[in-house]
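Colleague: From the sequence below, what's the structure:
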Amino acid sequence: MTARPANAHQARLLRLLRDGGPNSRAQLGDQVDLSRSKLAVEVDRLLETGLVVADGLAASRGGRRSHNIRLAPGLRFLGVDIGATSIDVAVTNAELEVLGHLNHPMDVRDGPVAVFEQVLTMAAKLRASGLAEGFDGAGIGVPGPVRFPEGVPVAPPIMPGWDGFPVREALSQELGCPVMVDNDVNLMAMGEQHAGVARSVGDFLCVKIGTGIGCGIVVGGEVYRGTTGSAGDIGHIQVVPEGRACACGNRGCLEAHFSGAALARDAEDAARAGRSEELARRLEATGRLTAVDVAAGAAAGDATSLALIREGGNRVGQVIAGLVSFFNPGLVVIGGGVTGLGHNLLAAVRTQVYRTSLPLATGNLPIVLGELGPAAGVTGAARLISDHLFSPA
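Modeller: Numbering: from 1, shown residues only. Below is the predicted model:
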């Protein structure tokens, strides 16, 4: 893909077609502030670029029938969601429908060279499957702070060896297409906004609880990244003064007391201390515990597992309550690997937020689990690069 929209009107039309699918000229005209003649000029120019194609006649609205317009069916975006312990790679069409999706276990601590070798291998498999001849652009999510304009991770606590690595530049050279890079939780928020539970919400928070914890902040339909790209790094808000040591170098951070890694550690401590027969049995069988084991223990009625989830949910809820009082969102979405803990976690978070935030902020505030699961990050990654490519050059 070499063409880009020439102006803001064309960019608006491309995004409408991405988000709403094929549309008639008349229906597009209802959604943009353009005269009929100006709309016709801009659509014809987009047709000339090959970014959009004619798609048959639209249903009659009385009088002469309008033609449908759609984004070029051959456009392909690559979405990459690099987590702390796994990689998701997907290919989408121009409307961001996931056509193929691969997952592979991978420790982000292996470093950028090893991780990107795996990403490129997975991208090659998707190409070889016939889903894409090539990629028109790629969006990449990483589990740490990113200096957004340059696409460079900055001192990410759980990503040793990644500080300052030129992710955007390196992958653009390897893939042969434009690349955009962002924090993984921002991409989760964008995915849920595009095709998940936040589709109709302009202002919302998306909290990802996995190996670490982060928060995507969406204001007026746009991700808010802050001055340097570190907005939403809530995992390093202190919740226990002089508490546990955190990977960031401070003590008492939320992430140190409740995240996938913290929950696994607490579960193993409980099992070894004899506080849970259920967790002890699982630890003996596998040699290690994860959030999945705690969820299974809670489902079996294990009191210690339920207590660990409630305590963690209370800590997360304590932080979210402060965010709600400050930001007054219309929705809070909870996602990430630890959401396998399900409604036990959600109930604890809700209780803490509704009890401690002001009624005006919480009276009509839904706090829900994300809808898209592992597809949220790769969908958001595809949306990130499409936002870039569907903007004037």
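Colleague: going forward, measure contacts between C-alpha atoms and count neighbours the same way
Modeller: Will do.
Colleague: pLDDT weak spots in the protein?
Modeller: Residue ranges of the chain with pLDDT under 70: 1-2, 57-66.
Colleague: could you show me where the helices are in it, in order?
Modeller: Using DSSP state H, the helices assigned to the chain run over residues 8-20, 25-31, 36-49, 112-128, 167-175, 184-195, 254-257, 260-272, 277-286, 291-299, 303-327, 343-356, 359-362, 375-389.
Colleague: To residue 201, which of the ones you listed lies closest?
Modeller: Closest approach to residue 201 among the helices of the chain is made by helix 184-195 (7.5 Å; Cα to Cα).
Colleague: any idea how far the closest one is from the chain center?
Modeller: Centroid separation for helix 184-195 versus its chain: 4 Å, with Cα atoms, centre = their mean, to the nearest Å.
Colleague: What is it packed up against?
Modeller: Contacting helix 184-195 under the criterion 3 or more Cα pairs under 8 Å, 6 or more residues apart in numbering; DSSP states H and E are the following elements: strand 137-142, strand 204-209, strand 213-219, strand 222-223, helix 375-389.
Colleague: As PDB, could you dump the C-alpha coordinates of that helix?
Modeller: Presented in PDB, the C-alpha positions along helix 184-195 are these (Å, rounded to 0.1, in the frame of the first residue of the first chain):
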ATOM      1  CA  ASP A 184      -0.100  -3.500  24.800                       C
ATOM      2  CA  VAL A 185      -2.900  -2.200  27.000                       C
ATOM      3  CA  ASN A 186      -3.600   0.700  24.700                       C
ATOM      4  CA  LEU A 187      -4.100  -1.800  21.900                       C
ATOM      5  CA  MET A 188      -6.400  -3.800  24.000                       C
ATOM      6  CA  ALA A 189      -8.500  -0.700  24.600                       C
ATOM      7  CA  MET A 190      -8.500   0.000  20.800                       C
ATOM      8  CA  GLY A 191      -9.600  -3.500  20.100                       C
ATOM      9  CA  GLU A 192     -12.500  -3.400  22.600                       C
ATOM     10  CA  GLN A 193     -13.400   0.000  21.200                       C
ATOM     11  CA  HIS A 194     -13.500  -1.300  17.600                       C
ATOM     12  CA  ALA A 195     -15.200  -4.700  18.000                       C
END
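Colleague: and the angle for it with strand 137-142?
Modeller: Here the directions of helix 184-195 and strand 137-142 differ by 130 degrees (axes from the mean of the first three to the mean of the last three Cα atoms, to 10 degrees).
Colleague: dump the residue contacts of residue 222.
Modeller: For residue 222, the set of contacting residues under the criterion of Cα atoms under 8 Å, 6 or more residues apart in numbering consists of residue 202.
Colleague: Centroid-nearest residue for the chain?
Modeller: residue 188 (1.2 Å; Cα atoms, centre = their mean).
Colleague: quick revisit: can you tell me which of the helices and strands packed on helix 184-195 comes nearest to residue 352?
Modeller: Between these, strand 204-209 lies closest to residue 352; by Cα to Cα that is 15.1 Å.
Colleague: got the angle for that closest one vs strand 213-219?
Modeller: Our comparison of strand 204-209 with strand 213-219, counting by the same axes, to 10 degrees, yields an angle of 170 degrees.
Colleague: got the angle for strand 204-209 vs helix 303-327?
Modeller: Regarding strand 204-209 and helix 303-327, their directions subtend 150 degrees when assessed with the same axes, to 10 degrees.
Colleague: Summarise which helices and strands strand 204-209 is packed against.
Modeller: helix 184-195, strand 213-219, strand 332-335.
Colleague: quick one: contacts of the second one?
Modeller: Translated: strand 213-219. Outside strand 213-219, the residues within contact range by Cα under 8 Å, 6+ apart are 185-189, 202-208, 223-225, 231-235, 254-255, 259.
Colleague: If we ignore the residues flanking it in sequence, what's nearest residue 243?
Modeller: By the measure of Cα to Cα, 6 or more residues apart in numbering, the closest residue to residue 243 outside its immediate chain neighbours is residue 252, 3.8 Å from it.
Colleague: Distance-wise, check the one you found relative to residue 241.
Modeller: The gap separating residue 252 from residue 241 is 6 Å, by Cα to Cα, to the nearest Å.
Colleague: who's more crowded, those two?
Modeller: Each of residue 252 and residue 241 had its neighbours counted (other Cα atoms under 10 Å), and the higher figure belongs to residue 252 (18 against 9).
Colleague: How about the contacts made by that one?
Modeller: When contacts are counted by Cα under 8 Å, 6+ apart, residue 252 touches 238-246.
Colleague: The residue nearest to the centre of the chain contacts residue 206, doesn't it?
Modeller: Yes. Look at residue 188 against residue 206 with Cα atoms under 8 Å: they come within range, at 7.4 Å.
Colleague: Would you check how far apart the residue nearest to the centre of the chain and residue 298 are?
Modeller: Distance from residue 188 to residue 298, by Cα to Cα: 27 Å.
Colleague: Residue 150 too?
Modeller: For residue 150, the distance to residue 298 under the criterion Cα to Cα works out to 44 Å.
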